[in-house]
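just to be clear, the model below is a prediction. Sequence and coordinates:
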Amino acid sequence: MDSIRNPFAPGAGTPPPELAGRDELRESLRIALERARIGRPAKSAMLVGLRGVGKTVLLDRVRADAEAAGIQTVRIEAREGQSLPALLAPQLRQALLRLSHLQAAKDYAVRGLRALAGFAGKLKVTYNDIEVGFDYEPEPGLADNGDLEHDLQALFEQVGRAAKAAKTALGIFIDELQYVEEVQLAALITAMHRTEQQQLPVVLVGAGLPQLRGRMGNAKSYAERLFNFPEIGPLPMPAAELAICRPLQAEGVAIQPDAMQALIQVTEGYAYFLQQWGYFTWEVAASSPITASDVQRASPEAVAALDESFFRVRFDRSTPKEKRYLRAMAELGPGPHRSGDIAACYGSKVTELAPTRSSLIAKGMIWSPNHGDTAFTVPMFDQFMKRIVPGQDWRQA
């Protein structure tokens with residue numbers, strides 16, 4: 001079939017042609033943002049799930065929905081080694097500048113920009129990666145104590161007051177939130193708690209790996225009461241079918257029932273994998289309808305593409321010892337696995353492998369569903385590890 005007309009979109013954060021199975025969550029987040037705008041209590045949310053379930057796509061779609069409704073938004077992607085103040089400061093500056101153009105909010109927004117100048121000026125000593133332009137001189141005593149938890153509360157308060165004066169809300173969207181250090185995460189939670197107490201229209205929508213919930217609970221014990229934590233998982237069968245059928249129907253292409261079943265089975269309903277297999281199945285299919293043999297012929301190419309991009313980029317970030325740990329996990333199957341079983345397979349003691357396990361958790365490669373358990377954050381990573389490190393020579397590495 002015509003490659004130019006291929007409707008599927010495999011890619012990191014690339015919007016799929018059909019965002020299936022997420023309508024209920026989108027609606028609940030829309031309601032939260034609208035409640036905040038009119039001054040009603042609204043819970044912020046943390047979208048948690050494995051890699052490849054579509055968290056980033058969903059985060060961006062909710063943000064687009066909010067902007068279309070006239071709500072102010074900022075979008076941040078957390079990264080290893082970058083501080084939360086460095087991520088927030090430029091984006092909050094842009095939000096405050098936009099609000100300063102509205103007459104009703106101008107005075108509050110200008111005071112917010114003064115707070116931002118004090119915030120960045122003082123914290124630059126601690127977090128020397130902060131780079132933000134100053135539009136106004138700082139106001140002495142406003143968000144300039146040099147203490148992140150205290151100053152972030154003061155800054156969020158000023159931003160919230162500006163949004164309230166403009167009769168809007170501010171949606172703060174942060175992806176990969178698990179990379180934010182725990183002390184900084186605690187400051188963010190405290191700042192959101194303060195805005196909620198003062199009924200200011202600020203809503204935080206974050207996304208991260210499954211360990212995010214535990215990290216937030218460790219940072220502040222009340223985090224689980226302050227936020228909703230919807231789990232984003234593989235699509236149920238009806239939604240997975242829609243994710244494939246709708247794009248094909250838009251191109252006038254049909255798919256046989258056994259081919260659909262084969263696609264869902266091989267992808268396990270994960271949103272990213274559905275796009276990947278859909279793309280390569282289209283490429284190998286000669287004509288409509290798509291058959292199960294088309295799916296079978298597309299699978300080696302889909303797997304090769306996943307190995308090269310989705311899986312390999314994570315594997316290459318690991319040290320030799322970490323790779324061996326991951327291979328030992330894979331030897332045991334998809335997981336989760338007990339730490340003792342992994343250590344036995346690795347040929348070492350649990351205590352000796354604890355630093356390796358902690359390092360892999362920090363890198364977002366694995367997580368702990370329960371105390372003493374370890375699981376991959378990437379679906380089907382056990383199969384990849386067996387392909388990339390075949391045989392048993394890894395045991396003597």
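Noted; the coordinates are in hand. Numbers count the residues shown, from 1 in each chain.

can you give me the buried ones in the lowest-mean-pLDDT helix or strand in the chain?
Of all helical and strand segments in the chain, the minimum by mean pLDDT, DSSP states H and E falls on helix 312-315, at a mean of 89. Buried positions in helix 312-315, judged by neighbour count with 16 or more other C-beta atoms under 10 Å: Arg314, Phe315. Where C-beta positions appear, they are placed from N, C-alpha and C, glycine not excepted.

mind listing what's buried along the helix or strand following that helix?
The helix or strand immediately downstream of helix 312-315 is helix 320-332, counting by DSSP states H and E. Buried residues in helix 320-332, counted by 16+ other C-beta under 10 Å: Lys321, Glu322, Lys323, Arg324, Tyr325, Leu326, Arg327, Ala328, Met329, Ala330, Glu331, Leu332.

again with stretch 139-159
139, 142-144, 148-149, 151-159.

max pairwise distance over these: which two?
Maximum pairwise distance among those (C-beta to C-beta): 19.5 Å, between Glu139 and Glu149.

residues in contact with Pro15?
Contact partners of Pro15, counting by C-beta atoms under 8 Å, 6 or more residues apart in numbering, are Ala9, Val57, Asp60, Arg61.

that one and Ala109: what is the separation?
Counting by C-beta to C-beta, to the nearest Å, the gap between Pro15 and Ala109 amounts to 31 Å.

can you check Lys220 too?
28 Å.

what about the two, which has more around it?
Ala109 (26 against 19; other C-beta atoms under 10 Å).

quick one: what helix or strand has the more buried one in it?
helix 106-123.

buried residues of the helix or strand harbouring Thr351, list them for me.
Taking DSSP H and E as the definition, Thr351 sits inside helix 350-362. Residues of helix 350-362 classed as buried by neighbour count (16+ other C-beta under 10 Å): Val350, Leu353, Thr356, Arg357, Ser359, Leu360, Ile361.

Throw those into a markdown table and include pLDDT and distance to Phe311, thanks.
A markdown table is the format used below for the buried residues of helix 350-362 (pLDDT from 0 to 100; distance: C-beta to C-beta, whole Å):
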| residue | pLDDT | distance to Phe311 |
| --- | --- | --- |
| Val350 | 94 | 27 |
| Leu353 | 95 | 22 |
| Thr356 | 96 | 19 |
| Arg357 | 96 | 20 |
| Ser359 | 94 | 19 |
| Leu360 | 95 | 15 |
| Ile361 | 93 | 18 |
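
nearest to Asp175, of the residues you listed?
Ile361 (18.7 Å).

list the contacts for the closest one?
Gln211, Trp367, Ser368.

got it, and Asp65?
Arg26, Leu29, Arg30.

any idea which element it lies in?
Going by DSSP H and E, Asp65 is part of helix 55-68.

same check on Pro247?
Pro247 is part of helix 237-250 when elements are defined by DSSP H and E.

contacts for that helix, please.
Contacts of helix 237-250 (C-beta under 8 Å, 6+ apart): 7-8, 16-18, 20-21, 234-235, 254-255, 260, 263-264, 267, 269, 271, 274-275, 278, 290.

neighbours around the nearest residue to Leu29 once chain neighbours are set aside, how many?
Once flanking residues are discounted, Leu29 sits nearest to Val62: 4.8 Å by C-beta to C-beta, 6 or more residues apart in numbering. Neighbour count of Val62, defined by other C-beta under 10 Å: 26.
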